[in-house]
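*Asks:* need a 3D model of the following:
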Amino acid sequence: MSDSALLNIIHRASVLLPTDPERALEDLKGYQQTYSENPLFLTTLGEAYLETSDVESAFTVLSKACELDPIADKGIEKFFHLGQIIGGENGVQLLEVGIARLIKQAQILQSLSTGEINNDENLDEGVKILLQAYGSEEKISEYIISKLTQGISAIIEIWMTDLCMLPQAEEECEKWSKTLSDMCFDNPETHSIIASVRISQQKLQDAINEINISWDLFQKKKQSLEDIANNPSNNNIDPDEVEMMYIELYQPLIILAKYAIECGMFEIASNIASSARDINEEGVEAMYVEGFSNYLEAIRIQNNISEENSINIGREFENYTLNKNINEDDKSFEFINASRLALSSAVKSLHDRELAAQIDEELQSTIKSLLEKVGGFLLKEKDDSGIDENNWEDEIPEN
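*Replies:* Numbers count the residues shown, from 1 in each chain. This is a model prediction of the structure:
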């Protein structure tokens, strides 16, 4: 088959993977013998196996893909996937192969933009593939930044977990944090990742600074995508692509909100989680984080703890009690009320059996317990949800 036929197969699978990975996998299997020695095909097949939770099969095909393309000429994803599967020092080495290729491609892209080279010379195969896939240097740059962030984040995570006991662990985290900041400073996830490193190092003020930068960049990115979506005629961007980019902000925002909680930034954490709810109105985790952060802020106020010392609440919140029976004049009232609203929304969402089946049972139990602490189920306004305010705990279906 021709290269265009292979690219069509890969594109078709890529479209299916987010919503119907089983179908994508079956489609790809039909071509496995034809493309058994093609690393591009094997990478996509490995991704399909991962999406269907078949890690063993993914490991096999991704290992072969890396062997066929040892310096990532034909794409870096296989090294990233395999590196994260393996972990440890071997996983870091695989991730570093992909990152080295991305850095080289970024340098080539820079030479293209300055006119030092043109599209017909000195382009490695990976850049040619990217040009074919993304069409413009700007989109390729966005791809490279996104992938660099992903790969370096994975390396940092390995050094902070699997390899944390090695003497060079902190030095490696610092090295990769600097690389990430130097190359991807305008990416909000960059500063969220660095914040996680600073939290692990117990450098609280540095972590707070990174969270603030990340949150500012996330807000700008979210607003930009909303503006594009609201004025599609003024842009040459695929609406489906914009929607996907918008949806992909959800989980990073949740992660950032959790880091904010760890640093005692409860009001900011609530705002971040609320922003995530804008993206996914049924996002139970976002509702929980918003409810929890407002609960912690109410505790801070009632216990007369300064914002500078609020980090202790996030770490030891179980040692504090909350008076939920206070009047509207109390400074903590608005935060208790906001917590009840967010957690009540989570309960209403969990009333959907299909959605509830996707939520961890421990989180569901935590939501119920926390909602009870802040006063129980609260309806913002009369609706037809079918939930009895007095028996709300019994209304959540069992998985």
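*Asks:* going forward, measure contacts and count neighbours with C-alpha atoms only.
*Replies:* Will do.
*Asks:* wait, doesn't Val97 sit right on Ala72?
*Replies:* Yes. At 7.0 Å, Val97 counts as touching Ala72 under the criterion of C-alpha atoms under 8 Å.
*Asks:* show me what secondary structure element comes after the helix or strand Ile85 falls within.
*Replies:* Element membership for Ile85, per DSSP states H and E: helix 77-86. Moving toward the C-terminus from helix 77-86, the next helix or strand (DSSP H and E) is helix 88-114.
*Asks:* between helix 77-86 and that following helix, find me the angle.
*Replies:* 160 degrees (axes from the mean of the first three to the mean of the last three C-alpha atoms, to 10 degrees).
*Asks:* which helices and strands sit right next to helix 88-114?
*Replies:* Here helix 88-114 touches helix 77-86, helix 125-134, helix 137-160, going by 3 or more C-alpha pairs under 8 Å, 6 or more residues apart in numbering; DSSP states H and E.
*Asks:* and Asp186, how many neighbours?
*Replies:* When counting by other C-alpha atoms under 10 Å, one arrives at 16 neighbours for Asp186.
*Asks:* now do Ala5
*Replies:* Residues lying near Ala5 (other C-alpha under 10 Å) number 10.
*Asks:* for whichever strand or helix holds it, buried residues please.
*Replies:* Secondary structure from DSSP H and E places Ala5 in helix 3-16. Going by neighbour count (16 or more other C-alpha atoms under 10 Å), the buried part of helix 3-16 is 6-7, 9-10, 13-14, 16.
*Asks:* could I get the helix or strand encompassing Asn337 in CSV with only the CA atoms?
*Replies:* Using DSSP H and E, Asn337 sits within helix 333-350. What follows is helix 333-350, C-alpha atoms only, in CSV (Å, rounded to 0.1, in the frame of the first residue of the first chain):
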residue,chain,number,x,y,z
PHE,A,333,-20.9,31.5,55.5
GLU,A,334,-20.3,32.2,51.8
PHE,A,335,-17.7,29.5,51.6
ILE,A,336,-19.8,27.0,53.4
ASN,A,337,-22.6,27.8,51.0
ALA,A,338,-20.3,27.6,48.0
SER,A,339,-19.1,24.2,49.2
ARG,A,340,-22.6,22.9,49.7
LEU,A,341,-23.6,24.1,46.2
ALA,A,342,-20.6,22.4,44.5
LEU,A,343,-20.9,19.2,46.4
SER,A,344,-24.7,19.1,45.9
SER,A,345,-24.0,19.4,42.2
ALA,A,346,-21.7,16.4,42.4
VAL,A,347,-24.4,14.4,44.1
LYS,A,348,-26.9,15.4,41.4
SER,A,349,-24.4,14.3,38.7
LEU,A,350,-23.9,11.0,40.5
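*Asks:* which strands and helices lie in contact with it?
*Replies:* By 3+ C-alpha pairs under 8 Å, 6+ apart, helix 333-350 packs against helix 284-302, helix 353-356, helix 361-373.
*Asks:* hmm, back to that, between Val97 and Ala72, which contacts overlap?
*Replies:* Applying C-alpha atoms under 8 Å, 6 or more residues apart in numbering, one finds that Val97 and Ala72 are jointly contacted by Phe79.
*Asks:* of the helices and strands packed on helix 88-114, which stretch is the most buried?
*Replies:* helix 77-86 (a mean of 23; mean count of other C-alpha atoms under 10 Å).
*Asks:* and for that helix, what are the contacting residues?
*Replies:* Outside helix 77-86, the residues within contact range by C-alpha under 8 Å, 6+ apart are 43, 46-47, 55, 59, 62-63, 65-66, 72, 90-95, 97-98, 151, 154.
*Asks:* switch to 6 Å and redo it
*Replies:* 43, 62, 91, 94-95, 98 (C-alpha atoms under 6 Å, 6 or more residues apart in numbering).
*Asks:* make TSV out of those and add distance to Glu142.
*Replies:* Shown next, in TSV, are the contacts of helix 77-86 (distance: C-alpha to C-alpha, whole Å):
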residue	distance to Glu142
Thr43	21
Leu62	25
Gly91	25
Leu94	22
Leu95	19
Gly98	16
